[in-house]
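Participant: this is a predicted model, with the sequence first.
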Amino acid sequence: MKMSDLVEINYRLLAVLPRLGINIGFGEKTVSRICRETGVDPAAFILICNMYSYQGYMPTEEALEAADPQSVLKYLHNSHSFYVEDNFRELECLMDRLVAPCSASQKKIILDFFDGYRKEVENHFDYEEQVFFPYVDSVMKGKGPGDYSAAKFEENHSNIEEKLDDLKNIVMKYLPPVCSPRLANDVLYAVFSLSEDLEKHTNIENLVLVPMVNRMENKKEA
C-alpha cells in the first residue's frame, strides 16, 4: 500500500508519522519503502497504526512477535515530547485566551487546574523515561530482569486521561458566559483530541510494549 493511501483511510495517522521520523511528501512510495528509508520496523509501524485505527484492537501474538520493540519504544518516547512540547503548549495558549475575560479568581481556578494536570502528566512521563524505558532498553540488550519487571510497571501504571474529563466539564458546564463560545469549542476539540490520543498511547504501552517485554523476560529466565 502507498503511504498516501494509508493516510487517506485514516487521516489521524498524520499525528503518528512524525513520532516515527516519517514526514509528509510521500510521493508514490509504499509503506514498506518509507519504513525502510526511515529505519522503522514495518511490522511495528502497522501494529501502531492498527492501535490508532481500530477501537478495541487487540494485537495478536503473531503481530507482537513480528514487531521490533525498539521501534515501539522510539514511538512512545517521541510521543512524550510531542505531548509536552506541542499539545500542552497549544492547549495552554488556547486556555489563556479563553479565560482572559474572566475575573482573577475564576481565571486562577481554571488555569491552576490545567497546570496541575499538566504537571501530573509530565511526572508520569518522567517515570517512564527514567525508569521503565531504560529498563526495556536493558532487556532488549540481553540483560536479565533483575528486581524490576514489566509486571511491576503495569501494576503502577496510572490512567492519565481521567482528569481531562474534569477539564471538559469545566469548559462545557461551568465556564463563565463572558468567555468566547468559539474559543470554548476550540478548547474542547483540543481536549477531546488529546484525551483520545493519550488513550491510544496508554494502550500501546499496556497492550504492545508490556507484552513484548514480558516475552523477553521469560526468554531470559528460561
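Facilitator: Received the coordinates, thanks.

Participant: and stretch 159-170, what's buried?
Facilitator: By 16 or more other Cβ atoms under 10 Å, the buried positions in stretch 159-170 come out as 160-161, 163-164, 167, 170. (Each C-beta comes from the backbone N, C-alpha and C, glycine too.)

Participant: for stretch 131-141, same thing?
Facilitator: 132-133, 135-136, 139.

Participant: of these, closest to Gly25?
Facilitator: Phe133 (29.9 Å; Cβ to Cβ).

Participant: pLDDT weak spots in this protein?
Facilitator: 144-145, 220-222 (pLDDT under 70).

Participant: how about 80 then?
Facilitator: 143-146, 156, 158-159, 161-162, 219-222 (pLDDT under 80).

Participant: surely Asn23 and Leu17 touch.
Facilitator: Yes: between Asn23 and Leu17 a contact is recorded at 7.2 Å, counting by Cβ atoms under 8 Å.

Participant: please report phi then psi for Ser103.
Facilitator: For Ser103, the backbone dihedrals are phi -70, psi 160 (criterion: degrees, to the nearest 10).

Participant: quick check: it vs Asn10, distance?
Facilitator: 43 Å (Cβ to Cβ, to the nearest Å).

Participant: more neighbours: which of Asn23 and Leu17?
Facilitator: The neighbour count for Asn23 versus Leu17, taken as other Cβ atoms under 10 Å, is higher for Leu17 (20 against 10).

Participant: so the more buried one sits right up against Val31, yeah?
Facilitator: No: taking Cβ under 8 Å as the definition, Leu17 is not a contact partner of Val31, at 10.7 Å.

Participant: name the helices or strands packed onto the helix or strand hosting Glu217?
Facilitator: Glu217 is located in helix 210-221, with elements delineated by DSSP states H and E. The elements that helix 210-221 packs onto, with contact taken as 3 or more Cβ pairs under 8 Å, 6 or more residues apart in numbering; DSSP states H and E, are helix 61-66, helix 69-82, helix 133-140, helix 150-155.

Participant: all set now, cheers.
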